[in-house]
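[1] Return atomic coordinates for the entry below.
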Amino acid sequence: MVLSRFWLVIFISSILFVVVSLFSGSTYTIDYVLNGEKGDPILISEQYIDQVPAFVRDSIQLKENKTMIVNRDLSNVDTTYVYKNKTVQIYSGVQKSDGLLATCKSSLVDIIIPLIAYLAFFCGLMELLIISGVSGKLAKVLSPVFIKVFPSIPKNHPSISYMTLNFAANFLGLDSAATPFGLKAMESLQELNPDKDRASDAQIMFMCLHASGLTLIATSIIGYRAAAGSSNPADVMLPCIITSFIGTIAAFIIVGIKQKINFKSASLVIGLMTLIGAIIGLLMYVNHLDLIGKNYFTSNLSGLILLAIIGFTLIFAFRHEKKFADANTTVFDSFVVGANNGVKTGVTIFPYVLGMLVAISLFRNSGLFDIISNGLAFVFSNLGVNKQIIDALPVALLRPFSSAGSRGFLIDSMNTFGADSMTGRLSSIFQCSAESTFYVIAVYFGSINIKNTRYALTTMLLVDLICVITAIFVASWFF
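    Coordinates of the predicted model:
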């Protein structure tokens with residue numbers, strides 16, 4: 001219900017704002033809101049040739065392409081004059097996001113089709129894990145901890161192994177693998193859910209832990225920083241781990257209190273201490289490496305582990321072919337069956353993803369996001385907050401809505417202020433330590449047709465806020 005109302009508010013308020021902007025004259029055209037693409041110049045005015053300044057008119061007439069670009073103004077924006085069809089069209093600024101119709105197309109071509117491919121492959125592997133018995137063994141080993149965190153899940157339930165693989169993929173920055181494992185976990189948890197339209201306690205706990213974004217190897221962030229010319233691309237690794245770990249603990253405590261989890265359980269404490277020990281061990285190892293060693297380690301560890309998982313699954317399945325024969329199938333046929341299920345899941349979640357991304361596109365292109373962002377920046381500046389922190393806030397504000405959008409702000413902040421500036425580093429931590437909350441909810445709950453997400457959205461947004469506040473303190477401490 002909360003998600004539905006939030007979606008409606010974004011859509012309706014954005015449409016009203018676009019219409020008001022058009023008729024008030026603050027916007028010349030709204031075509032870009034519907035048909036424009038990210039990076040396209042925005043048409044702000046159209047005049048007859050004799051109405052433009054003389055120097056512009058003379059320059060346009062002398063140029064073969066009938067186009068003139070005026071140097072950037074104080075807002076660092078080019079103004080472009082284009083003469084065609086007896087009028088001069090004036091463009092200023094670029095579009096922040098694809099328009100509504102372009103988003104419909106890109107949602108299918110750039111998001112759903114690749115996602116379906118990932119789902120097909122990893123769901124095929126998961127089918128092998130199930131029939132070969134690996135998932136059952138993994139669930140059995142981890143049950144003592146998981147049944148404390150998820151008391152409604154029976155001991156040795158298959159969902160435990162799927163959640164474990166999802167968490168592991170997230171830890172290593174393997175988004176393409178994390179989503180299929182997570183969707184399989186939600187599907188498995190749905191089998192235990194007595195009310196199929198309403199999110200269960202276990203599903204909410206899983207979603208909030210997943211969305212807290214605990215990451216050990218921030219591979220993509222390190223890559224962006226290296227491309228932006230950072231002298232030490234991996235220097236944000238420790239702040240990212242600390243921030244995302246605090247966010248994960250906050251998510252667990254908030255949901256745990258709501259669900260009356262026993263925090264004093266011995267197995268739970270042991271599991272938590274093991275995780276902390278693993279993080280500290282990793283940090284100690286990475287810390288003693290030089291710059292080249294850090295880059296080499298972080299760029300290869302995640303890939304090696306993913307290949308190890310794939311290789312182990314196939315080898316284990318090959319060694320237990322008898323189980324496949326007993327199930328009247330083969331290893332390859334089982335993979336194909338799992339892949340088909342992955343394709344079906346991708347088709348199921350498409351409308352949910354489409355609806356959410358189109359609303360976000362309209363919200364950004366309407367100008368409402370900029371007004372909110374600028375308003376918050378004004379408030380924080382009057383409160384004495386460091387300008388370098390304020391300049392990084394757009395990444396934090398957009399991160400819950402769009403990973404691609406916040407990534408664009410991240411790259412822009414590093415190009416504008418420098419990859420090794422406080423703004424560039426803080427933007428990197430913001431991007432690394434949280435999830436695209438609305439996208440994740442649409443995908444995960446949409447895959448099992450959950451209508452009532454209960455307190456999942458509010459908790460996930462609260463955790464996002466905690467991560468933002470933590471990131472600011474951690475970045476200030478480190479840099």
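[2] got the CA positions of stretch 307-323 in CSV?
    Extracted C-alpha coordinates of stretch 307-323, given in CSV (Å, rounded to 0.1, in the frame of the first residue of the first chain):
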residue,chain,number,x,y,z
LEU,A,307,34.0,-18.7,-11.6
ALA,A,308,34.7,-21.0,-8.6
ILE,A,309,31.0,-21.2,-7.7
ILE,A,310,30.1,-22.0,-11.3
GLY,A,311,32.9,-24.6,-11.6
PHE,A,312,32.1,-26.2,-8.3
THR,A,313,28.4,-26.5,-9.2
LEU,A,314,29.1,-28.2,-12.5
ILE,A,315,31.7,-30.5,-11.1
PHE,A,316,29.5,-31.5,-8.2
ALA,A,317,26.6,-32.1,-10.5
PHE,A,318,28.8,-34.3,-12.8
ARG,A,319,30.0,-36.3,-9.8
HIS,A,320,26.4,-36.9,-8.7
GLU,A,321,24.9,-37.7,-12.1
LYS,A,322,23.1,-40.6,-10.5
LYS,A,323,20.8,-38.2,-8.7
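[3] which parts of that stretch are buried?
    309, 313, 317, 320 (16 or more other CB atoms under 10 Å). C-beta: built from backbone N, CA, C; applies to glycine.
[4] So which residues make contact with stretch 306-323?
    125, 128-129, 131-134, 165, 169, 172, 174, 177, 324, 330-331, 334 (CB atoms under 8 Å, 6 or more residues apart in numbering).
[5] same deal with stretch 100-114?
    In contact with stretch 100-114 (CB under 8 Å, 6+ apart) are residues 33-38, 97-98, 346, 349-350, 353-354, 357-358, 361-362.
[6] Okay, and which of these map to helices?
    The helices, defined by DSSP state H, take in 33, 34, 35, 346, 349, 350, 353, 354, 357, 358, 361, 362 from those.
[7] Name the nearest residue to the last one, ignoring sequence neighbours.
    Going back to what we said before, that points to residue 362. Distance criterion CB to CB, 6 or more residues apart in numbering; nearest residue to residue 362, sequence neighbours excluded, is residue 14 at 4.3 Å.
[8] Which ChimeraX command selects the buried ones in the contacts of stretch 306-323?
    Selection of buried members from the contacts of stretch 306-323 for ChimeraX, criterion 16+ other CB under 10 Å:
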select :125,128,129,131,132,134,165,169,172,174,177,324,331,334
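[9] quick one: which of the contacts of stretch 306-323 is nearest residue 52?
    Distance to residue 52 across these (CB to CB) is lowest for residue 174, with 53.5 Å.
[10] just to revisit the earlier point, in the ones in helices among the contacts of stretch 100-114, which residue is surrounded by the most others?
    Counting neighbours by other CB atoms under 10 Å, residue 361 leads the ones in helices among the contacts of stretch 100-114 with 29 neighbours.
[11] Now for that residue: which residues touch it?
    Contacts of residue 361 (CB under 8 Å, 6+ apart): 97, 98, 99, 100, 102, 103.
[12] give me that answer again for 10 Å
    14, 33-34, 36, 38, 96-104, 106-107, 401-402, 405 (CB atoms under 10 Å, 6 or more residues apart in numbering).
[13] Same check on residue 393?
    373, 376-377, 380, 385, 409, 413, 423, 426-427, 430, 468, 472.
[14] That one is in what secondary structure piece?
    If you go by DSSP states H and E, residue 393 is part of helix 387-398.
[15] Tell me the helix or strand right after that helix.
    In N-to-C order, the element after helix 387-398 by DSSP H and E is helix 403-417.
[16] now the strands for the stretch 251-400 of the chain?
    Assigned by DSSP state E, counting those that start in this stretch, the stretch 251-400 of the chain shows no strands.
[17] Pick out the most distant pair among the contacts of stretch 306-323.
    172 and 330 (30.5 Å).
[18] so where is the stretch 151-300 of the chain shaky, pLDDT-wise?
    Low-confidence segments of the stretch 151-300 of the chain (pLDDT under 70): 172-176, 213, 216-217, 219, 266-268, 291, 295, 298-299.
[19] residues making contact with stretch 194-201?
    So stretch 194-201 is contacted by 150-153, 186, 189-190, 192-193, 206-207, 255, 258-261, 441, 444-445, 448-457 (CB under 10 Å, 6+ apart).
[20] Restricted to buried residues, select the residues you listed in PyMOL.
    Applying 16+ other CB under 10 Å to those, the buried members can be selected in PyMOL as follows:
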select buried, resi 150+152+153+186+189+190+193+206+207+255+261+441+444+445+448+450+453+454+456+457
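[21] What subset of the contacts of residue 361 is buried?
    By 16+ other CB under 10 Å, the contacts of residue 361 give 14, 33, 36, 38, 96-100, 102-103, 106-107, 401-402, 405 as buried.
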